[in-house]
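**Student:** Quick one, fold the following:
(chains A and B)
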Amino acid sequence: MTWTAKTRLANGARLSGRRSLAVATAIVLAIIAMGLPAVAQERPLSAWRLDEWGTWAGLPEVNPYATITGSGSSEGWGNAGASVGITARAVFEPDLSRAEISAEFVPVSRAIIASDSRLFIAPLGQRLEWKVIVTVRNPNDVSMTNVRVHNQFGKAFRAALTGQSVGDARMADADVKGLLPSSSGFTWDIGYLGPGAAAKAELMVTTNQSGDRAEFAEEGVYSLDTGFQLTYRLLGKDEVRNTAPCSVIARRNPSALRSDGEPYGVSQKPIEQGLPLQERPVPVRPEVGRSVPIGGGQGGIVPSVRAKQVEGSAQITRVHGTGMFKVIATGVSDNVGVKDGKFTVPAGEQAEWKAEIWVKNPASQSSSRVQPQDQPEGWNAWTVTLLFGQHLTAEEIERSVFVPGYHEIGNGTLTIQEDYPEPGITRVTIIWNWHQAAGNRFLPGSEAYLALRVKTNGLPPSDKDLTFCDHINMEYNPVGSGYWHQVPLDPIYIKSAGEPHADVSVTATRLDWRVRKPGTYAALATTITASGTGKLSIQFSKFADLARTDGIAGTIAAFYGFGDDLAAAETGGWISSADLNSKTRYIDLSEPVPVLMWSKMSVGEEVSSAEYESKGVITFIVSNN
Amino acid sequence: MKRLLVLFAIMALIFIPAMASAALPGEPLPLGAVEVEHWELAADGTTWVHKEPGDGLARCWRSGGDQGECNQTSWVVNFTHHAAMAQWSKWSIGGTRWDWRILKPGTYAADCIEFKLQSNNSVLIDYENFADLLRTTAGGVKQTIDTYYSFGESIGQAEANGWVRADALNKHDDIIPDSAILHVNYVTKLFNKIVVENCNSSGEYEDTATITLTLLNQQPWVDPAGGWGNQSLPTI
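**Tutor:** The predicted structure is shown next:
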């Protein structure tokens, strides 16, 4: 087992311990596989448990917390290196220590695939065997009396008792007079169980005899048991606890349940597996005013908006699924980029885009194959609106409208206005309005195109996305319809910060102490202030206790703390120089707060007069999040 | 009956905290270093006592400073933490005077004085003016009592260490090297041995000597009296 794995295990146990006072801190089973082909024989190993008082308590072989077994050994004697394979297995069941009863079904037959602790997948035509470990505990401060455990195993299985630590356990076959295979009943009379005491019983469960063979003959789901039921009396009150029942899915090819042959990774009970998943309803957008949604002619919104980035150019496209409305914004200046579907522009820099807008009445709709000549009505009018973000200006470059058969059609009315309801905010609104004139409608196959030059003299640095343009919408009024159909597109954003940016100031990079007598001393080491955009992480490395500069062994213990003053640093806790190297502090540049780093050193009587020094590294990393 | 009374005043102990000839070279402060306030943890282990610059048992200077403004995602600041430790010592001597009263000639020895020394670096012990005890008045058959010294925890150890004749001690300087025991507490006993002969007339005999302890690794910014000296050393 690697130390990391051990640590994880210990962490897991610690977490669990928080949830439950009496939970086992860790269960570690280490099996050392030896290089020689020796027969691995399991043997119980000593185990200790860190109790609530922080002391290690030895665990007996039967206990409510953990057991450990080991096998194999290894040794070497020579001049060469050696490699020893080590295998470890840990079983951790959270909160078991508070459970009065637990039952573990351990597959003995290799053919059994454990899907989870209560569901197994097994093949046909093979004798199958499980080892069942039943543990009853008394986690209470008072005794449990009349303690009794009962279970009924399925008819497809036969259970045999292999031992119990206390009490009287026995198996009894039901249906002994019938022709059908009998089911095994398990009864375990424990009687008395003192506070903190535990009892364990072990059983062997095999597939039952069917004809002259003990194996599954047919595919199906077999109930292994009904679950162990614990009854006991506590403080004059009868209590009942149950474990979950186990089932076995019998298949000709168990691994075929998953194409990759991995253990079947479902947690559902077998009976639930056959239930079909219900279809998830598609959310419907609310209607706005008189408007009706478009698409498909069924009143449903076509999930239409997509963004794409053209390789080699800073371009973002918004196009409706109907093809009726499209906006393409392309960076013109070199400092415009695209990242995560948003424009990036360095804060404070001038930048330019070209925004192109297309409106199209499709000549052919994939659903109906309607041709222009077949739907001569067209649209009476349409209006494109969009709103550019703050600090952006827009001007027209090109505008055209094409209606098949009508070359002198008007280009509509374009309004570029800088008004916004919120005072102090200037945003450019684009309104492009086209109406039929003299019966010349926007027939199928018609197209309109508008190109705008969009500029900024500099965007402010900000952690939040700025708007390039939003409220992008085209509405049209088909001939014969009393409604304006809405064709909205998603907004286009600018990652305002562009690149994360920070202005960092460190008041000191060196601290010199002159000490006359042993003692503990503290001073403000340095103050880190920062401004900019994004998040500034402060990482520490190579910090260490101060070491003698003359090469002779000797150190001065150094600690560091953070806080607005010494008291805050003291409250926050001093960090040893070694531990500081694993710490990272952050400054949110949107609301930057100075970081005051304090130094404390403990000069003991063991410190010889000399020069001591440590050189640490502080790395500042600015990022967007 | 005549009494032989020997008055034996042996030494006055002078403690010299620092000698210019025995100092560490010291490390200058960096250019632009500014002394700043600091705190010292009181003996109760919880109270921080504020100290203004120039005050306290330690002093602290800050220097350097760094500033960066750019779009690079990371940059590095090297931070140096330096401490210059001065030499200190704690010492005690159980007495500075021995007084013998002797009835009959013979060889006598006593430890008399327990000597404790604690320091955080090597200490030089210099002996001066040690001599046989000299009769304080004129006359008598033999004017001096042969006097010897030795160190040890017991008389047997002192014997094993060897007795040094008083005047020979003056040429015999001891250095107690920097060691863990010196940091904790170096303890020994000073034994003296006198050989009173028949020819020593009754009377008063005395010698006054000096032991000088010198801290061999003192910082140059500690003044000879053990206080803060001149901190204005050349800068780095």
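
**Student:** Now do the residue in chain B that chain A sits nearest to against A:I113, distance only.
**Tutor:** Using Cβ to the nearest Cβ, the closest approach of chain B to chain A is made by B:G64 at 3.1 Å. No exception for glycine: its C-beta is placed from N, CA and C like everyone else's. For B:G64, the distance to A:I113 (Cβ to Cβ, to the nearest Å) stands at 64 Å.

**Student:** quick one on the thing from earlier: compute the number of surrounding residues for the residue of chain B closest to chain A.
**Tutor:** Number of residues near B:G64 (other Cβ atoms under 10 Å in any protein chain shown) recorded here: 19.

**Student:** quick one, helices of the stretch 501-625 of chain A?
**Tutor:** A:566-572, A:577-580 (DSSP state H, counting those that start in this stretch).

**Student:** Any idea which of those gets closest to A:K542?
**Tutor:** A:K542 sits nearest to helix A:577-580 of all the helices of the stretch 501-625 of chain A, at 9.4 Å, using Cβ to Cβ.

**Student:** Would you map the helices across chain B?
**Tutor:** With DSSP state H as the criterion, chain B has helices at B:155-161, B:166-169, B:180-184.

**Student:** List the buried residues for the shortest one?
**Tutor:** Going by neighbour count (16 or more other Cβ atoms under 10 Å in any protein chain shown), the buried part of helix B:166-169 is B:A166, B:D167, B:L169.

**Student:** mind putting these in CSV, distance to chain A and pLDDT included?
**Tutor:** Formatted as CSV, the buried residues of helix B:166-169 follow (distance: Cβ to the nearest Cβ, whole Å; pLDDT from 0 to 100):
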residue, distance to chain A, pLDDT
B:A166, 33, 90
B:D167, 34, 91
B:L169, 28, 86
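
**Student:** B:R62: neighbour count?
**Tutor:** Using other Cβ under 10 Å: B:R62 sits among 23 other residues.

**Student:** Report the beta-bridge partners for it.
**Tutor:** B:R62 has these beta-bridge partners by DSSP bridges: A:L511, B:V34.

**Student:** What of B:L215?
**Tutor:** Under DSSP bridges, the residues paired with B:L215 across the bridge are B:V123.

**Student:** for chain B, which strand is longest?
**Tutor:** strand B:106-119 (DSSP state E).

**Student:** contacting residues around that one?
**Tutor:** Surrounding strand B:106-119, the residues in contact under the criterion Cβ atoms under 8 Å, 6 or more residues apart in numbering or on different chains are A:605, B:87-96, B:98, B:100, B:102, B:123, B:151, B:155, B:158, B:176, B:182-196, B:213, B:215.

**Student:** Report the strands that pair with that strand, each with its relative direction.
**Tutor:** Counting by DSSP bridges, strand B:106-119 is paired with strand B:89-93 (antiparallel), strand B:186-196 (antiparallel).

**Student:** Would you convert those into JSON lines that also reports distance to A:Q126, mean neighbour count and mean pLDDT?
**Tutor:** Converted to JSON lines, the strands paired with strand B:106-119 look like this (distance: least, Cβ to Cβ, whole Å; neighbours: other Cβ atoms under 10 Å in any protein chain shown; pLDDT from 0 to 100):
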{"stretch": "strand B:89-93", "distance to A:Q126": "83", "mean neighbour count": "15", "mean pLDDT": "85"}
{"stretch": "strand B:186-196", "distance to A:Q126": "80", "mean neighbour count": "19", "mean pLDDT": "86"}
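
**Student:** Export those strands to a markdown table and append columns for distance to A:D550.
**Tutor:** Converted to a markdown table, the strands paired with strand B:106-119 look like this (distance: least, Cβ to Cβ, whole Å):
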| stretch | distance to A:D550 |
| --- | --- |
| strand B:89-93 | 20 |
| strand B:186-196 | 23 |
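
**Student:** ok so, going back, quick check: which of the helices of the stretch 501-625 of chain A is nearest to A:L224?
**Tutor:** When those are ranked by proximity to A:L224 (Cβ to Cβ), helix A:577-580 comes first, at 50.4 Å.

**Student:** Next, the buried residues of that closest one.
**Tutor:** Neighbour-count burial for helix A:577-580 flags A:S577, A:L580 (criterion: 16+ other Cβ under 10 Å).

**Student:** Quick check, A:D419 in contact with A:T429.
**Tutor:** Yes. A:D419 lies in contact with A:T429 (Cβ atoms under 8 Å); the separation is 6.7 Å.

**Student:** For the stretch 301-450 of chain A, which segments are assigned as strands?
**Tutor:** A:315-319, A:325-331, A:337-339, A:342-344, A:351-360, A:379-388, A:393-402, A:413-418, A:428-435, A:447-456 (DSSP state E, counting those that start in this stretch).

**Student:** among those strands, which is nearest B:R59?
**Tutor:** strand A:342-344 (50.2 Å).

**Student:** tell me what the closest one is packed against?
**Tutor:** strand A:337-339, strand A:492-495 (3 or more Cβ pairs under 8 Å, 6 or more residues apart in numbering or on different chains; DSSP states H and E).

**Student:** what pairs with it, and is each one parallel or antiparallel?
**Tutor:** Note on strand A:342-344: by DSSP bridges, its sheet partners are strand A:337-339 (antiparallel), strand A:492-495 (parallel).

**Student:** buried residues in the shortest one?
**Tutor:** Same thing as strand A:337-339. A:G337, A:V338.

**Student:** which residues does the spatially closest residue to A:Q164 that is not a sequence neighbour bridge with?
**Tutor:** Leaving aside its chain neighbours, A:Q164 sits nearest to A:A201 (3.7 Å; criterion: Cβ to Cβ, 6 or more residues apart in numbering or on different chains). Beta bridges link A:A201 to A:V134, A:Q164, judged by DSSP bridges.

**Student:** Now do the contacts for A:A201.
**Tutor:** Residues in contact with A:A201, defined by Cβ under 8 Å, 6+ apart, are A:I133, A:V134, A:V149, A:L161, A:G163, A:Q164, A:S165, A:A169, A:W188.

**Student:** Among these, name the buried ones.
**Tutor:** By 16+ other Cβ under 10 Å, those give A:V134, A:V149, A:L161, A:Q164, A:S165, A:A169, A:W188 as buried.

**Student:** that older thread, could you export the longest strand of chain B as CSV, CA atoms only?
**Tutor:** The C-alpha coordinates for strand B:106-119 follow below in CSV (Å, rounded to 0.1, in the frame of the first residue of the first chain):
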residue,chain,number,x,y,z
GLY,B,106,49.6,19.0,56.6
THR,B,107,48.2,18.9,53.1
TYR,B,108,44.7,20.0,52.8
ALA,B,109,42.3,20.3,49.9
ALA,B,110,38.8,21.7,49.5
ASP,B,111,36.4,22.3,46.6
CYS,B,112,34.7,25.2,48.2
ILE,B,113,33.6,26.9,45.0
GLU,B,114,31.1,25.6,42.5
PHE,B,115,31.5,27.2,39.2
LYS,B,116,28.6,27.3,36.7
LEU,B,117,28.9,28.6,33.2
GLN,B,118,26.3,28.7,30.4
SER,B,119,27.0,30.3,27.0
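
**Student:** Okay, buried residues for it please.
**Tutor:** B:A109, B:D111, B:C112, B:I113, B:F115, B:L117, B:Q118, B:S119.
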